[in-house]
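Novice: Give me a model of this one.
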Amino acid sequence: MTAERASAASSQRDAPPAYDPQALAASLATAAEKAAKVIGDFAARQPDAGAAVYSDELGLGKAFFELASQMLADPMRIAGAQADLWLKHAELWHSSWMKLLGADAGPVATPAAGDKRFRHADWEQHFLYDYVKQSYLITARWLHHNVASVEGLSDNTRKKVDFFTRQYIDALSPSNFALTNPEVYRETIASGGQNLVKGLNNLLSDIERGRGRVKISMTDDKAFELGVNIATTPGKVVFRNDLMELIQYEPATRKQWRRPLLVMPPWINKYYILDLREKNSFLRWATHEGMSVFVISWVNPDARLAAKSFEDYMREGPLAALDAIARATGEKDVNAVGYCLGGTLLGATLAYMAARDDRRIASATFMTSLLDFSHAGELDVFIDEEQVRSLEAKMSERGYLEGSEMANTFNLLRANDLIWSFVINNYLLGRDPFPFDLLHWNCDSTRMPAAMHSFYLRNMYMKNALREKGGITLGDTPIDLARISVPTYFVSAIEDHIAPWKTTYEGPKLVSGKSRFVLSGSGHIAGMINPPSAGKYGYWTNPAVGADADAWLAGATQHDGSWWNDWRQWVSSHLGKEVPPRVPGRGGLKALGDAPGTYARIRAES
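Specialist: As a prediction, the model looks like this:
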């Protein structure tokens, strides 16, 4: 959803401004002043040059050296690949000349479906731009194919080489350069270059805002305010500890279902992805379905919480929330929903509770959640022994992982939509970013406590220990997912690049209770935040959760609309009877403040 809506937002453009020499001169003066300040600030922050040490934290040098060694071992293959490239470009040259002479000649290379970089009409209609586009596509696909098909590489090296080759290819797209982007060229002519000067000012502002690093502005941050035009579902904070605030929402119906709903979002991002606007808020929708809704709002930790562990997140998160909900409502059990990392924590918590015969969670819903990390998507590229050690060294100095570092990693997974589209809009076209609620949330990054994050990376991603009986011990209790006997609902997204659906499909096989697996259209965000009123994406269902994910999908039934409706039907048998509505602060817990509370307002950069 982030990538899709980012592209949609960036496509809404104003007409190019008329050429204004005075405005151009003023912009140049402003740029010069900003540049001087940025350079001065950067120089002041640098240590002695002699102390600088080259560090290849990602291990790219080793990976590409291994690639080069394997390629050079087969010179005939290299020669054949070069001949293939030459023939493709010769075919393009012939096709382009035929087209220029008025003959009916089809393209040699066309952009992939959904590639938004070449939407401007000139990419197809103008001879030069069409040639540049096709030449790039031919070379890019040739390079990626030849790198990806090299044999003899380790799995870790293959993933790194493939991922960073794609980053290199995307960076060199002709759409990213002023002279080879027809939209930028037209804007430059029309405005007399004002767009480039405005873009320079935008770039310098982003460098200044990033304290020497480019921190790309994706949206107008001033356009949104928590509790005013996002995260507006009425509610109260009814409990708070070091790691979370528990928000209870106001009833929206005359009666509510007896069993409360506890929602556990990931702490990699803030909870209000589930409460952006009225029209797409899962939390608001659930209250209007008569549920007593509670949500955990995680703190944005600093160095004081460096020692907080994964076990602490369990104890001070869901277990503390269960105690608080019982005090607030008098109910001893809940239906629980975990989103992404929140679902991973929910699985670990359920296994811990099962070992202690704690039955306070009556049903569990996992939204794009990994319990098995055997194939964890493209994030695997950033998780190996060398990189984790380097990350741990940084975290030991600060006590946490910087929110911007996490955000940059996720942005790289969709670089064309979340990096290069903004480079074009902000720096080449000289336009201000479009105000967009989802991108405001995406830029509101969170930190990770050192102890928790190290445990999570090593035990989940590297060891895949959560799926193993006794693989993880929490509170002196070895846990076993197979002891989870409550009814479970797993929903994933077919285009998810963070929690691939064929891996989340392993979740139902690891628990012993009755499970339902549902596959939504779209990706990690859009596939989940998909209200019934939107009528988008659709979803697949198949009650037979067998061994093979592809077989499950082949036998699945596709439905229109949102999986929320399917989940509502599934959870209905776990809601209990109707009871009088529960007003936050009038039960066993006092209201500590209005939603969205204080923790959600803590910015990583503050």
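Novice: Was I right to think L283 contacts D275?
Specialist: Yes. If you go by C-beta atoms under 8 Å, L283 and D275 touch, sitting 4.6 Å apart. Yep, even glycine has a C-beta here, placed from its N, CA and C like the rest.
Novice: Need the residues touching each of these two.
Specialist: Common contact partners of L283 and D275 (C-beta atoms under 8 Å, 6 or more residues apart in numbering): 233, 295.
Novice: which one of the two has more residues nearby?
Specialist: Using other C-beta atoms under 10 Å as the criterion, L283 and D275 rank with D275 on top: 31 against 25.
Novice: How about the contacts made by that one?
Specialist: So D275 contacts 230-233, 281-284, 295, 596 (C-beta under 8 Å, 6+ apart).
Novice: what do you get if the cut-off is 6 Å, keeping everything else the same?
Specialist: 231, 233, 281, 283 (C-beta atoms under 6 Å, 6 or more residues apart in numbering).
Novice: what sits against the last one?
Specialist: Put plainly, it is L283. Contact partners of L283, counting by C-beta under 6 Å, 6+ apart, are 233, 274-275, 293, 295.
Novice: Which ones among these lie within strands?
Specialist: 293, 295 (DSSP state E).
Novice: ok so, going back, most neighbours among the contacts of D275, which one?
Specialist: Ranking those using other C-beta under 10 Å puts A231 first, with 29 neighbours.
Novice: and the residue most central in space within the chain, helix, strand or coil?
Specialist: Most central in the chain under C-alpha atoms, centre = their mean is F410, positioned 5.3 Å from the mean C-alpha point. Assigned with DSSP: H, G, I helix; E, B strand; the rest coil, F410 falls in the helix class.
Novice: hmm, back to that, from the contacts of L283, which is closest to S217?
Specialist: S217 lies nearest to D275 out of the contacts of L283, by C-beta to C-beta, at 23.7 Å.
Novice: and that closest one, how far is that from R254?
Specialist: With the distance defined as C-beta to C-beta, to the nearest Å, D275 ends up 22 Å from R254.
Novice: Number of residues surrounding the nearest residue to M462 once chain neighbours are set aside?
Specialist: Nearest non-adjacent residue to M462, counting by C-beta to C-beta, 6 or more residues apart in numbering: I383, 6.4 Å away. By other C-beta under 10 Å, 17 other residues sit near I383.
Novice: these two touch, right, I383 and Y461?
Specialist: Yes. Counting by C-beta atoms under 6 Å, I383 touches Y461, with 4.7 Å between them.
Novice: anything in contact with each of those two?
Specialist: Counting by C-beta under 6 Å, 6+ apart, nothing touches both I383 and Y461.
Novice: quick one: low-confidence ranges for the protein?
Specialist: Scanning the chain with the threshold set as pLDDT under 70 gives 1-55, 606.
Novice: gap between P433 and S175?
Specialist: In this view, P433 and S175 are 18 Å apart by C-beta to C-beta.
Novice: More neighbours: which of these two?
Specialist: Legend: neighbour count by other C-beta under 10 Å for P433 and S175, higher for S175 (27 against 21).
Novice: leaving aside the residues next to it on the chain, what's closest to that one?
Specialist: R117 (4.3 Å).
Novice: doesn't that neighbour fall inside a strand?
Specialist: No. Assessed by three-state DSSP, R117 does not belong to a strand; its assignment is helix.
Novice: In this structure it contacts F177, no?
Specialist: No. Using C-beta under 6 Å, R117 makes no contact with F177, being 11.8 Å away.
Novice: quick one, what contacts N280?
Specialist: N280 neighbours (C-beta under 6 Å, 6+ apart): 529, 531.
Novice: so Q248, which of the three states?
Specialist: strand.
Novice: Contact partners for it?
Specialist: 235-236, 238, 294, 584.
Novice: if we go to 8 Å?
Specialist: Taking C-beta under 8 Å, 6+ apart, one finds 235-236, 238, 292-294, 328, 582, 584, 589 in contact with Q248.
Novice: again with E386
Specialist: 57, 59.
Novice: if we can go back for a sec, Serialize the contacts of L283 to TSV and add fields for distance to H524.
Specialist: Below are those laid out as TSV (distance: C-beta to C-beta, whole Å):
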residue	distance to H524
T233	22
L274	13
D275	17
V293	22
V295	19
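Novice: Return the closest of the contacts of L283 with respect to W420.
Specialist: L274 (28.8 Å).
Novice: Now for the closest residue to D162 other than its chain neighbours, how many residues are close by?
Specialist: In space, and not counting its chain neighbours, D162 is closest to A148: 5.4 Å by C-beta to C-beta, 6+ apart. The local packing of A148 (other C-beta under 10 Å) involves 13 other residues.
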